[in-house]
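Visitor: turn this into a model:
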Amino acid sequence: MRQRFLKLAKPTAGILAIGFAYVIIHSLTGFALFCPVNKFLHLYCPGCGISRMFLHLLRFEFYEAFSSNCVVFCMLPVFAAAGVWHAYKYIRYGDRSLNRAENVIAWIAVGILVVFAIARNIWHYDILIP
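Guide: The predicted structure is shown next:
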């Protein structure tokens, strides 16, 4: 169990360190990553605005975070709960598989994100554009 915890903790700590470095660099220089889909294709992907959303969440600016990417903002508690649940299952039992209900929820989330990507490129409402 300890080996599985360490196997999961190392990449998690790495991702958090990269995120922390990005926040520091952004706050000191104003440098922000760009979305390659938006830059080269001039389309909004379902992930456009996620960096901005997390930066607003760190400052407890919930309305601005919602405005940056409303669908991911609303799905964030589900993603967080799923991540914690799967980390627990892996650490405790070594199980990485998804059961049938989890697969259905994952495909529903993918479907919502696809519909969101299409909608934000067809209808240019303020709530859809980051």
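Visitor: for the helix or strand harbouring I118, packing partners?
Guide: Counting by DSSP states H and E, the element that carries I118 is helix 100-122. Applying 3 or more CB pairs under 8 Å, 6 or more residues apart in numbering; DSSP states H and E, one finds that helix 100-122 makes contact with helix 70-93. For the C-beta atoms, the positions are set from N, CA and C on the backbone; glycine is no exception.
Visitor: how about the helix it packs on: buried residues?
Guide: Neighbour counts using 16 or more other CB atoms under 10 Å place 70-73, 75-76, 82, 86, 89-91 of helix 70-93 among the buried residues.
Visitor: tell me the angle the helix holding I118 makes with helix 70-93.
Guide: Here the directions of helix 100-122 and helix 70-93 differ by 160 degrees (axes from the mean of the first three to the mean of the last three CA atoms, to 10 degrees).
Visitor: who touches helix 100-122?
Guide: Contacts with helix 100-122, where a contact means CB atoms under 8 Å, 6 or more residues apart in numbering, come from 43-46, 48, 71-72, 75, 78-79, 82, 98, 128-129.
Visitor: how distant is the longest helix seen in the chain from the center of its chain?
Guide: When the chain is parsed with DSSP state H, its longest helix is helix 2-29. How far helix 2-29 lies from its chain's middle: 14 Å, per CA atoms, centre = their mean, to the nearest Å.
Visitor: helix or strand right after that helix?
Guide: Next helix or strand after helix 2-29 toward the C-terminus (DSSP H and E): helix 36-41.
Visitor: helices and strands around the helix or strand following that following helix, which ones?
Guide: Note on helix 36-41: by DSSP H and E, the next helix or strand toward the C-terminus is helix 50-58. Contacts defined by 3+ CB pairs under 8 Å, 6+ apart place helix 50-58 against helix 2-29, helix 62-68, helix 70-93.
Visitor: buried residues in helix 50-58, which are they?
Guide: Buried, per 16+ other CB under 10 Å, within helix 50-58: 50-57.
Visitor: quick check, nearest of the residues you listed to Y22?
Guide: Using CB to CB, S51 is the member of the buried residues of helix 50-58 that sits closest to Y22, with 7.6 Å.
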